[in-house]
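Chemist: need a structure here:
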Amino acid sequence: MKDMNESSQRTYKHWSTLEDRKLISLREEGMRYREIAAKLERTKLSVEKRYRKIMNQKEDAY
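Modeler: You can find the predicted model right below:
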């Protein structure tokens with residue numbers, strides 16, 4: 001059985017409001033998902049999914 005502290009364990013890190021704002025700002029500046037992921041210490045996929053979720057919520061608000 002694997003130790004709970006091994007790096008292969010998946011963990012979910014919740015997004016803060018500050019991170020959401022930073023993500024939106026960096027995308028508006030034209031930064032790529034992979035570059036944003038490095039800055040925010042998240043995966044490219046996580047960043048892309050979060051951005052799309054935020055944009056969908058904005059569309060639904062109108």
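
Chemist: Go through the protein and flag its longest helix.
Modeler: Ranked by residue count, the top helix of the chain under DSSP state H comes out as helix 44-61.

Chemist: Other residues contacting that helix?
Modeler: Helix 44-61 has contacts (Cβ atoms under 8 Å, 6 or more residues apart in numbering) with 15, 20, 23-24, 27, 33-34, 36-37, 40. C-beta coordinates here come from the backbone N, C-alpha and C atoms, glycine included.

Chemist: could those be laid out in a markdown table, adding pLDDT and neighbour count?
Modeler: Compiled in a markdown table, the contacts of helix 44-61 are given as follows (pLDDT from 0 to 100; neighbours: other Cβ atoms under 10 Å):
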| residue | pLDDT | neighbour count |
| --- | --- | --- |
| Trp15 | 97 | 16 |
| Asp20 | 98 | 14 |
| Leu23 | 98 | 23 |
| Ile24 | 98 | 15 |
| Arg27 | 98 | 17 |
| Tyr33 | 98 | 20 |
| Arg34 | 98 | 11 |
| Ile36 | 98 | 23 |
| Ala37 | 98 | 17 |
| Leu40 | 97 | 17 |
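
Chemist: Among the residues you listed, which are located in helices?
Modeler: Reading helices off the contacts of helix 44-61 with DSSP H, I get 20, 23-24, 27, 33-34, 36-37, 40.

Chemist: Stretch 28-43 spans what distance, first to last residue?
Modeler: Start to finish, the residues bounding stretch 28-43 are 19 Å apart (Cα to Cα, to the nearest Å).

Chemist: residues near Leu18, how many?
Modeler: As a burial measure, Leu18 scores 8 neighbours (other Cβ atoms under 10 Å).
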